[in-house]
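Peer 1: Just to be clear, the model below is a prediction. Sequence and coordinates:
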Amino acid sequence: MRCRLEPSVVPADLHELARLARDVAREAGAVLLDGLAAGRTAVETKSTRTDMVTEMDRASEDLIAEAIRAARPGDGFLGEEGTATAATAAGDGGGVRWIVDPLDGTTNYLYRFPVWAVSVAAEVDGEVAVGVVYDPTHDELFEAVVHEGARHNGHTMLVGGAPDLATALVGTGFSYDAAERGRQAALLAHVLPAVRDVRRAGAAALDLCWVGLGRLDAFYERGLKPWDLAAGSLVASEAGASCVLLEDGTCLAAAPQLFDPLVRLLGAAPPG
């Protein structure tokens, strides 16, 4: 299964969806930066003690949801912080649903570690067709429209990548669940000797975009949610990376020459 699917039909206003995604991502990014400056980082927890949410996660999601609802009242919405509505109107290519992570990298945000982003994707008739990931700290905007390639701050992105795994810089991430983190640590011990090095930045949406940009040669992580990977996987794919969701739930994105070797490496890991 691919991280995102190729739509057979897309709406005539796909570029309008992309414009709206860019606008709301930038607006939310500005709100998040203001929240940091004002110290608005009151914390609650969700699934575990380490799975945190701040008032700014919710403020960002509310802003995005309200802006999209005002511009396109018939669209559906799925947000990490619980906003969920079904599409009530169909465009030229079917219903549109927005998949949003209002603050990808909440722990980084809390610690003022400068790797966090706003992720906004538009799904058309069940398939992701537009993706925008905005990094407010560095004012970097990654975007893609299906079949039209990916761009970084307006410049075309083309995946490069190391020639082999031994010289590849690989990104990964870890679950909030302690038992799953232990399994991921065991897998990392298997992967690390086979690659140049490993990075764990803490924001999957950016990791995926960085594969498309060449800051990482590959990325893998098991257990990502739709809002974690929807926009970033489209950006990576449209930049030329191979991006799939494996049967065990691992999202894998890599430069094409590294894809099969990485799949084999992960598949050869001892059962965890």
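Peer 2: Structure's in. What do you need?
Peer 1: going forward, measure contacts between C-alpha atoms and count neighbours the same way
Peer 2: Fine.
Peer 1: can you list the weak-confidence ranges in this protein?
Peer 2: 1-12, 40-53, 82-85, 87, 89-94, 272 (pLDDT under 70).
Peer 1: mind checking the longest helix of it?
Peer 2: In the chain, taking DSSP state H as the definition, the longest helix is helix 14-38.
Peer 1: Can you tell me what sits against it?
Peer 2: Residues from elsewhere that reach helix 14-38, judged by Cα atoms under 8 Å, 6 or more residues apart in numbering: 41, 56, 59-61, 63-64, 67-68, 102, 109, 112, 117-122, 129-137, 143-145.
Peer 1: For the stretch 1-150 of the chain, which segments count as strands?
Peer 2: Taking DSSP state E, counting those that start in this stretch, the strands of the stretch 1-150 of the chain run over residues 43-45, 52-54, 76-79, 84-85, 90-91, 94-104, 117-124, 127-135, 140-145, 150-152.
Peer 1: and the residue nearest the centre of the chain, what does it touch?
Peer 2: In the chain, the C-alpha nearest the mean C-alpha coordinate belongs to residue 205, at 2.5 Å (Cα atoms, centre = their mean). Shown in contact with residue 205 (Cα under 8 Å, 6+ apart): 104, 117, 119, 133, 228, 229, 231, 232, 233.
Peer 1: do the same with residue 108
Peer 2: Contact analysis of residue 108 by Cα under 8 Å, 6+ apart lists 114, 115, 116, 202.
Peer 1: Can I get the buried part of the residues you listed as one PyMOL selection?
Peer 2: One line in PyMOL is enough to select the buried ones among these; burial here means 16 or more other Cα atoms under 10 Å:
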select buried, resi 115+116+202
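Peer 1: Identify the residues contacting stretch 188-196?
Peer 2: With contact meaning Cα under 8 Å, 6+ apart, stretch 188-196 is reached by 165, 166, 167, 168, 169, 170, 198, 265, 266, 269.
Peer 1: For that stretch, buried residues please.
Peer 2: 188, 190, 191, 195.
Peer 1: Sitting in strands, which of those do you find?
Peer 2: Counting by DSSP state E, no part of those is found in strands.
Peer 1: So which of these belong to helices?
Peer 2: Among the buried residues of stretch 188-196, DSSP H puts 188, 190, 191 in helices.
Peer 1: where's residue 198 relative to residue 166, distance?
Peer 2: 11 Å (Cα to Cα, to the nearest Å).
Peer 1: oh sorry, the question was meant for residue 243
Peer 2: Per Cα to Cα, residue 243 is found 20 Å from residue 166.
Peer 1: Looking at those two, which is more packed in?
Peer 2: Ranked by neighbour count (other Cα atoms under 10 Å), residue 243 and residue 166 place residue 243 first, with 28 against 13.
Peer 1: Doesn't that one belong to a strand?
Peer 2: Yes - assessed with DSSP: H, G, I helix; E, B strand; the rest coil, residue 243 lies in a strand.
Peer 1: Hmm, it is touching residue 232, no?
Peer 2: No - using Cα atoms under 8 Å, residue 243 is not in contact with residue 232; the gap is 10.1 Å.
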